[in-house]
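Engineer: everything below, folded, please.
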Amino acid sequence: MRISNRDIGVNYPPLVIAEIGINHEGSIEKAKRMVLDAYHAGAECVKFQSHIIEDEMIPNNVIPGNADESIWDIMKRCALTIEEDYEIKKMVDDLGMIYLSTPFSRAAAYHLEKMDVKAYKIGSGECNNYPLIEVIASFGKPIILSTGMNDIASIKPAVEILERYNVSYALLHCVSIYPTPYEFVSLGAINDLKNSFPNSIVGLSDHSYGNYTCYAASALGASILEKHFTSDKSWPGPDVSISIDPKELKELINGTNAIHAALGGTKSILPEEKPTIDFAYACVVATKNIQVGEMLTSDNIWVKRPGTGEIKAKDYNKLLNKSAKTSIEINTQLKWDMIK
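Structural biologist: Below is the predicted model of the structure:
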């Protein structure tokens, strides 16, 4: 998958998405502050949400599990205007970052397409909203799809739509509990997604506290990591309680880059280990003066550092009960031509 100039996949460091979402609570000043703080923390990508409320839902009094007001009131209060969306996107573009936004309705999807976004993020609640997925897929751009509240069976029709439209796509394992207890994170689902959808990039959208599970997901091959983000954990906001701050975001980026660099390889001796070999290996040495023809035993040879000798410790037993071809002084590293 490629978004703007960023290649995404197992051969590249994970793309960390700082999800600002609606933590700005409708304040463009807060939104801009979070963009800048994410940028200075090293983030390549920030994500918002696009809510055109009348096309998204009917008036209702449903209260989310992590809130004390209705979802209608939350979105009404927290949605940025269309003009503000353009202003934020320009700021993100000018900083050289990737702007993503999640459309929660058909009108929002068309709005983002007019903004010329480079890719789409689809939230877990829309993973089985196949009509909306088809609208977004018809734009022909990369799609990142979260899969919380869905199993393999309900994800499959969404993937079939994405593949029918021949768009590159990623599936993010997600658990839609806010916060997600560690015992419910279920990182084994990453392998389930890999095995069930081999054409997909796989990642994690995480709602647990801190960075621990993202570090683990990175080691398991997650190529995209998404975390809610805020500039200040004392701010009010629907997802602030499960958000990471700029310090944690920087740690997440640096940490997962390091983990990615450490992955792969085989159990072999590296050329770069040679300086350590020279002092750390043991070689066979004379522990006494040895005369010509004298038999070599554990009484007159043993293994000692450094590792610069010709006969390493691994060959010690091969020398026992052989005889010396030459005289050998104590503390001399043995060579094969000294042995009959």
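Engineer: which residues touch the nearest residue to Asp232 once chain neighbours are set aside?
Structural biologist: Residue nearest to Asp232 in three dimensions, not counting chain neighbours: Asp245, with 7.0 Å by Cβ to Cβ, 6 or more residues apart in numbering. To be clear about C-beta, it is placed using only N, CA and C from the backbone, and glycine gets the same treatment. Asp245 makes contact with 229-233, according to Cβ atoms under 8 Å, 6 or more residues apart in numbering.
Engineer: out of those residues, which comes closest to Asn257?
Structural biologist: Phe229 (17.5 Å; Cβ to Cβ).
Engineer: what's around the closest one, how many residues?
Structural biologist: For Phe229, the count of nearby residues is 29 (other Cβ atoms under 10 Å).
Engineer: next up, the contacts around it.
Structural biologist: Phe229 touches 18-20, 23, 34, 38, 43, 46, 243-245, 249, counting by Cβ under 8 Å, 6+ apart.
Engineer: what about the residue nearest to Asn289 when sequence neighbours are not counted, which SS state?
Structural biologist: Distance criterion Cβ to Cβ, 6+ apart; nearest residue to Asn289, sequence neighbours excluded, is Ile330 at 5.3 Å. What DSSP: H, G, I helix; E, B strand; the rest coil gives for Ile330 is coil.
Engineer: domains of this structure?
Structural biologist: 7-262, 271-338 (automatic domain parsing).
Engineer: and the first one, end to end?
Structural biologist: Terminal residues of domain 7-262 are spaced 19 Å apart (Cα to Cα, to the nearest Å).
Engineer: quick one: mean pLDDT over it.
Structural biologist: Mean per-residue pLDDT for domain 7-262: 95.
Engineer: now swap in the shortest one and tell me
Structural biologist: Predicted confidence along domain 271-338 averages 97 (mean pLDDT).
Engineer: could you tell me the end-to-end distance of that domain?
Structural biologist: 29 Å.
Engineer: ranges for the helices of the stretch 1-150 of the chain?
Structural biologist: Taking DSSP state H, counting those that start in this stretch as the criterion, the stretch 1-150 of the chain carries its helices at 28-40, 53-56, 71-78, 82-94, 106-114, 130-137.
Engineer: could you dump these into TSV and include distance to Ile63 and mean neighbour count?
Structural biologist: Shown next, in TSV, are the helices of the stretch 1-150 of the chain (distance: least, Cβ to Cβ, whole Å; neighbours: other Cβ atoms under 10 Å):
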stretch	distance to Ile63	mean neighbour count
helix 28-40	23	19
helix 53-56	16	16
helix 71-78	7	17
helix 82-94	26	16
helix 106-114	22	19
helix 130-137	23	18
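Engineer: do you know which of those lies nearest Ile301?
Structural biologist: Per Cβ to Cβ, nearest to Ile301 of those: helix 28-40, 62.0 Å.
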